[in-house]
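Enquirer: Predicted coordinates and the sequence they were generated for:
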Amino acid sequence: MLDRLYARVRAHAAGPSAPFWLGALAFSEASFFPLPPEVLLIPMVLANRANAWRYAVIATLGSVAGGILGWYIGAVLLDLVAKPIVHFYHADATLLSLQEKFRQWGVWIVLIKGLTPVPYKFVTIASGAAHFALVPFVLASLVTRGVRFFLVAGLLKRFGAPIETFIEKRLPLVCGAFAVLLIAGIIALAYV
């Protein structure tokens with residue numbers, strides 16, 4: 001079953017609308033959606049390594065644009081929108097902790113948390129809720145999300161064939177490791 005799902009994602013990743021969906025996924029992940037953009041970025045780069053940098057740009061810009069929405073949700077729509085999103089993920093205490101950390105550490109929170117498996121939406125919402133300045137937030141987001149997506153795209157561009165073979169041969173292991181990282185990121189939110 002996993003092999004068929006991977007084959008379908010891979011086929012769609014090579015399709016003409018894949019860049020749009022990558023941008024949409026990166027945008028939504030930075031503000032409200034649980035799946036990271038790498039879910040689509042990885043098969044897209046493996047399907048067409050010549051476009052690796054283009055895909056990294058799309059993921060970065062989509063993520064930063066979604067981060068601006070997340071910042072706005074935290075700054076303006078905290079009670080109406082942000083708190084229900086945070087409550088859905090059982091991260092109420094995390095939001096308060098991140099708000100305090102923004103007051104103490106500012107841009108460093110964005111730079112560090114943007115590279116980790118911690119869902120970026122919590123960073124964006126908390127930065128708005130802490131009324132962290134938007135321009136430094138956007139610049140730090142461009143750096144941290146760019147590093148993350150360009151690193152993934154660059155590694156896949158350079159080592160695509162062996163990585164692709166590894167993924168295809170050990171798909172359950174790769175999916176399991178991905179799930180563990182995602183869960184670890186969410187659990188780490190409790191200790192942020």
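Expert: Perfect, thanks for sending it.

Enquirer: CA only for contacts and neighbour counts going forward, please
Expert: OK.

Enquirer: Would you map the strands across the chain?
Expert: For the chain, no strands are identified by DSSP state E.

Enquirer: Report the central residue of it.
Expert: With distances taken as Cα atoms, centre = their mean, P36 lies nearest the centre of the chain, 4.1 Å away.

Enquirer: Leaving out sequence neighbours, find the closest residue to that residue.
Expert: E29 (5.9 Å; Cα to Cα, 6 or more residues apart in numbering).

Enquirer: contacting residues for that neighbour?
Expert: Applying Cα atoms under 8 Å, 6 or more residues apart in numbering to E29 gives the contacts 35-37, 63, 66, 119-121.

Enquirer: Buried among those residues? Make that a PyMOL selection.
Expert: The buried subset of these, as determined by 16 or more other Cα atoms under 10 Å, is captured in PyMOL by this line:
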select buried, resi 36+37+63+66+119+120+121
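
Enquirer: Report the buried residues of stretch 123-137.
Expert: 123-132, 137.

Enquirer: and if you look at stretch 12-27?
Expert: Neighbour-count burial for stretch 12-27 [16+ other Cα under 10 Å]: 12-14, 18-19, 21-27.

Enquirer: Same check on stretch 107-119?
Expert: 107, 109-111, 113-115, 117-119.

Enquirer: how long is that stretch end to end?
Expert: 17 Å (Cα to Cα, to the nearest Å).

Enquirer: I'd like to know the average pLDDT value across that stretch.
Expert: Stretch 107-119 comes out with an average pLDDT of 79.

Enquirer: Measure how far it is from the centre of its chain, please.
Expert: The chain centroid and the centroid of stretch 107-119 are separated by 10 Å under Cα atoms, centre = their mean, to the nearest Å.

Enquirer: Likewise for stretch 56-65?
Expert: That offset, for stretch 56-65, works out to 10 Å (Cα atoms, centre = their mean).

Enquirer: about what we covered before: among the contacts of E29, which are in helices?
Expert: Counting by DSSP state H, those place 63, 66, 120-121 in helices.

Enquirer: between those, which is closest to L142?
Expert: S63 (8.5 Å; Cα to Cα).

Enquirer: so that closest one makes contact with L22?
Expert: No: S63 lies out of contact with L22 (Cα atoms under 8 Å); the separation is 9.7 Å.

Enquirer: For this structure, give me the ranges with low pLDDT.
Expert: 1-11, 117, 163-192 (pLDDT under 70).

Enquirer: before we move on, the earlier item: mind telling me the two of the buried residues of stretch 12-27 farthest from one another?
Expert: A14 and F27 (20.0 Å).

Enquirer: for stretch 138-152, which positions count as buried?
Expert: Those would be 138, 140-150, 152, for stretch 138-152 by 16+ other Cα under 10 Å.

Enquirer: want to throw the contacts of E29 into TSV with distance to W53?
Expert: Shown next, in TSV, are the contacts of E29 (distance: Cα to Cα, whole Å):
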residue	distance to W53
L35	21
P36	18
P37	15
S63	15
G66	20
P119	23
Y120	21
K121	24
